[in-house]
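Asker: From the sequence below, what's the structure:
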Amino acid sequence: MHGTEKPSAWLQRWAHLIPPHSTILDVACGAGRHMRWLAEQGHTVHGVDRNPEALALAQVHGTVTCADIEHGPWPFIGQTFGAIVVTHYLWRPLLPIIVQSLAPGGVLVYETFAAGNETVGKPSRPDFLLQPGELLSATAGLRTVAYEDGFEPSPDRFVQRIVAVLPASLTDSTRWLLSLP
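Answerer: This next block holds a predicted model:
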(Lines give C-alpha, C1' and ligand atoms only; values in the text may rest on other atoms or scores of the structure.)
Protein backbone atom coordinates (compact mmCIF):
# COMPACT_ATOMS: atom_id res chain seq x y z
CA MET A 1 0.00 0.00 0.00
CA HIS A 2 1.19 3.50 -0.86
CA GLY A 3 2.57 5.07 2.25
CA THR A 4 4.35 2.12 3.81
CA GLU A 5 7.64 2.68 1.96
CA LYS A 6 10.65 4.50 3.34
CA PRO A 7 10.27 8.27 3.53
CA SER A 8 11.26 10.32 0.53
CA ALA A 9 15.01 10.96 0.26
CA TRP A 10 14.12 14.54 -0.78
CA LEU A 11 12.22 15.07 2.47
CA GLN A 12 14.99 13.52 4.53
CA ARG A 13 17.60 15.70 2.82
CA TRP A 14 15.75 18.96 3.52
CA ALA A 15 13.97 18.24 6.82
CA HIS A 16 16.66 20.18 8.71
CA LEU A 17 14.98 23.36 7.41
CA ILE A 18 11.73 22.59 9.24
CA PRO A 19 11.65 24.48 12.54
CA PRO A 20 11.88 22.15 15.58
CA HIS A 21 8.58 20.86 16.95
CA SER A 22 6.60 22.18 14.00
CA THR A 23 3.05 21.26 13.13
CA ILE A 24 3.28 19.60 9.73
CA LEU A 25 0.65 18.72 7.13
CA ASP A 26 1.20 15.70 4.88
CA VAL A 27 -1.06 16.11 1.84
CA ALA A 28 -2.28 12.84 0.27
CA CYS A 29 -0.50 11.07 3.09
CA GLY A 30 -1.51 7.51 2.23
CA ALA A 31 -0.58 5.15 5.05
CA GLY A 32 1.64 7.81 6.61
CA ARG A 33 5.25 7.06 5.70
CA HIS A 34 6.17 10.73 6.04
CA MET A 35 3.96 11.22 9.07
CA ARG A 36 5.79 8.38 10.82
CA TRP A 37 9.23 9.74 10.02
CA LEU A 38 8.36 13.35 10.89
CA ALA A 39 6.77 12.31 14.19
CA GLU A 40 9.99 10.46 15.00
CA GLN A 41 11.80 13.78 14.45
CA GLY A 42 9.64 15.39 17.17
CA HIS A 43 7.04 17.14 15.03
CA THR A 44 3.27 17.16 15.41
CA VAL A 45 1.88 15.71 12.20
CA HIS A 46 -1.46 15.90 10.44
CA GLY A 47 -2.30 13.88 7.37
CA VAL A 48 -5.09 14.20 4.84
CA ASP A 49 -6.15 11.56 2.35
CA ARG A 50 -9.38 10.26 0.88
CA ASN A 51 -8.58 6.59 1.56
CA PRO A 52 -9.94 5.49 4.96
CA GLU A 53 -7.99 2.20 4.89
CA ALA A 54 -4.71 4.06 4.44
CA LEU A 55 -5.64 6.58 7.12
CA ALA A 56 -6.31 3.75 9.57
CA LEU A 57 -2.59 2.97 9.31
CA ALA A 58 -1.48 6.62 9.32
CA GLN A 59 -3.46 7.62 12.42
CA VAL A 60 -0.96 5.99 14.78
CA HIS A 61 1.54 8.70 13.79
CA GLY A 62 -0.66 11.77 14.21
CA THR A 63 -4.01 13.32 13.45
CA VAL A 64 -5.68 12.33 10.19
CA THR A 65 -8.49 13.82 8.16
CA CYS A 66 -10.43 11.79 5.62
CA ALA A 67 -11.38 14.20 2.83
CA ASP A 68 -11.63 14.32 -0.92
CA ILE A 69 -9.54 17.45 -1.40
CA GLU A 70 -10.08 17.39 -5.16
CA HIS A 71 -13.88 17.55 -5.08
CA GLY A 72 -14.64 18.89 -1.63
CA PRO A 73 -13.63 21.88 0.45
CA TRP A 74 -10.12 22.29 1.83
CA PRO A 75 -10.46 20.96 5.38
CA PHE A 76 -7.84 23.31 6.83
CA ILE A 77 -9.27 26.73 6.01
CA GLY A 78 -7.71 29.34 8.28
CA GLN A 79 -5.01 26.96 9.53
CA THR A 80 -1.30 27.30 8.82
CA PHE A 81 1.51 24.82 9.20
CA GLY A 82 5.23 24.98 9.94
CA ALA A 83 5.77 22.64 7.03
CA ILE A 84 3.71 21.03 4.29
CA VAL A 85 4.85 17.85 2.58
CA VAL A 86 3.48 16.67 -0.75
CA THR A 87 4.89 13.68 -2.62
CA HIS A 88 3.59 11.85 -5.68
CA TYR A 89 0.44 13.94 -5.76
CA LEU A 90 -0.73 16.75 -8.02
CA TRP A 91 -4.03 18.59 -8.07
CA ARG A 92 -3.29 21.97 -9.59
CA PRO A 93 -6.23 23.86 -8.05
CA LEU A 94 -4.72 23.13 -4.62
CA LEU A 95 -1.29 24.60 -5.33
CA PRO A 96 -2.21 28.17 -4.26
CA ILE A 97 -4.12 26.87 -1.23
CA ILE A 98 -1.13 24.80 -0.13
CA VAL A 99 1.17 27.82 -0.42
CA GLN A 100 -1.34 29.96 1.54
CA SER A 101 -1.42 27.30 4.28
CA LEU A 102 2.24 27.82 5.20
CA ALA A 103 2.94 29.71 8.41
CA PRO A 104 5.58 32.46 8.32
CA GLY A 105 8.92 30.65 8.33
CA GLY A 106 7.17 27.50 7.11
CA VAL A 107 8.74 25.07 4.66
CA LEU A 108 7.13 23.48 1.63
CA VAL A 109 8.63 20.15 0.53
CA TYR A 110 7.01 19.11 -2.75
CA GLU A 111 7.97 16.27 -5.06
CA THR A 112 5.99 14.63 -7.85
CA PHE A 113 6.12 13.37 -11.40
CA ALA A 114 6.97 15.63 -14.31
CA ALA A 115 6.44 15.82 -18.04
CA GLY A 116 8.46 13.12 -19.74
CA ASN A 117 7.27 10.45 -17.33
CA GLU A 118 4.78 9.30 -19.96
CA THR A 119 7.78 7.90 -21.88
CA VAL A 120 8.84 5.58 -19.07
CA GLY A 121 5.64 4.57 -17.25
CA LYS A 122 2.82 5.81 -15.06
CA PRO A 123 1.55 8.29 -14.32
CA SER A 124 1.36 9.23 -17.96
CA ARG A 125 -1.64 11.57 -18.20
CA PRO A 126 -0.68 15.24 -18.52
CA ASP A 127 -3.10 16.05 -15.66
CA PHE A 128 -0.72 14.23 -13.30
CA LEU A 129 2.58 15.54 -14.67
CA LEU A 130 4.13 18.89 -13.83
CA GLN A 131 5.22 21.00 -16.76
CA PRO A 132 8.75 22.49 -16.82
CA GLY A 133 9.10 25.14 -14.12
CA GLU A 134 5.54 24.66 -12.87
CA LEU A 135 6.51 24.32 -9.20
CA LEU A 136 8.66 27.42 -9.47
CA SER A 137 5.69 29.38 -10.82
CA ALA A 138 3.30 28.00 -8.20
CA THR A 139 5.65 29.01 -5.38
CA ALA A 140 6.70 32.39 -6.77
CA GLY A 141 5.95 34.16 -3.47
CA LEU A 142 8.21 31.82 -1.50
CA ARG A 143 11.99 31.67 -1.16
CA THR A 144 13.23 28.73 -3.22
CA VAL A 145 16.01 26.90 -1.41
CA ALA A 146 16.28 23.87 -3.69
CA TYR A 147 14.75 22.83 -6.99
CA GLU A 148 15.20 19.87 -9.31
CA ASP A 149 13.50 19.00 -12.58
CA GLY A 150 14.71 16.01 -14.53
CA PHE A 151 15.10 12.27 -14.97
CA GLU A 152 16.29 9.72 -12.45
CA PRO A 153 16.82 6.00 -13.00
CA SER A 154 15.92 2.96 -10.89
CA PRO A 155 13.03 3.27 -11.06
CA ASP A 156 13.00 5.31 -14.25
CA ARG A 157 10.96 8.47 -13.71
CA PHE A 158 10.81 12.16 -14.46
CA VAL A 159 10.37 14.27 -11.33
CA GLN A 160 10.12 17.84 -10.22
CA ARG A 161 10.95 18.82 -6.65
CA ILE A 162 11.08 22.00 -4.66
CA VAL A 163 11.89 23.11 -1.16
CA ALA A 164 10.63 26.63 -0.55
CA VAL A 165 10.18 28.77 2.54
CA LEU A 166 7.69 31.48 3.40
CA PRO A 167 9.96 34.14 4.90
CA ALA A 168 8.95 35.16 8.41
CA SER A 169 9.10 38.83 7.38
CA LEU A 170 10.15 41.09 4.53
CA THR A 171 13.54 41.51 6.19
CA ASP A 172 14.03 37.81 7.01
CA SER A 173 17.75 37.15 6.60
CA THR A 174 17.66 33.54 7.75
CA ARG A 175 20.43 31.42 6.35
CA TRP A 176 18.75 28.39 4.84
CA LEU A 177 21.50 25.79 5.09
CA LEU A 178 21.91 23.60 2.03
CA SER A 179 23.13 20.79 4.26
CA LEU A 180 23.80 20.18 7.89
CA PRO A 181 27.37 20.87 9.05
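
Asker: where do the helices sit along this protein?
Answerer: Ranges of helices within the chain are 9-14, 33-40, 52-58, 95-100, 134-138, based on DSSP state H.

Asker: So for residue 163, which of those helices sits nearest?
Answerer: helix 9-14 (4.4 Å; C-beta to C-beta). Glycine gets a C-beta too; all of them are placed from N, C-alpha and C.

Asker: one step back: got a markdown table for the helices of the chain, with mean neighbour count, distance to residue 21 and mean pLDDT too?
Answerer: Shown next, in a markdown table, are those (neighbours: other C-beta atoms under 10 Å; distance: least, C-beta to C-beta, whole Å; pLDDT from 0 to 100):
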| stretch | mean neighbour count | distance to residue 21 | mean pLDDT |
| --- | --- | --- | --- |
| helix 9-14 | 18 | 17 | 96 |
| helix 33-40 | 22 | 11 | 96 |
| helix 52-58 | 17 | 20 | 95 |
| helix 95-100 | 16 | 21 | 97 |
| helix 134-138 | 18 | 27 | 96 |
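
Asker: just so I know, which of those helices lies nearest residue 26?
Answerer: Using C-beta to C-beta, the helices of the chain put helix 33-40 closest to residue 26, at 4.9 Å.

Asker: Reformat the helices of the chain as a markdown table; add distance to residue 79.
Answerer: Formatted as a markdown table, the helices of the chain follow (distance: least, C-beta to C-beta, whole Å):
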| stretch | distance to residue 79 |
| --- | --- |
| helix 9-14 | 21 |
| helix 33-40 | 17 |
| helix 52-58 | 18 |
| helix 95-100 | 10 |
| helix 134-138 | 20 |
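
Asker: Note down every partner strand of the longest strand along the chain and its orientation.
Answerer: Counting by DSSP state E, the longest strand found in the chain is strand 102-113. Under the criterion DSSP bridges, strand 102-113 sits next to strand 81-87 (parallel), strand 157-165 (antiparallel) in its sheet.

Asker: Compute the inter-axis angle for it and helix 33-40.
Answerer: Orientation of strand 102-113 against helix 33-40 (axes from the mean of the first three to the mean of the last three C-alpha atoms, to 10 degrees) gives an angle of 140 degrees.
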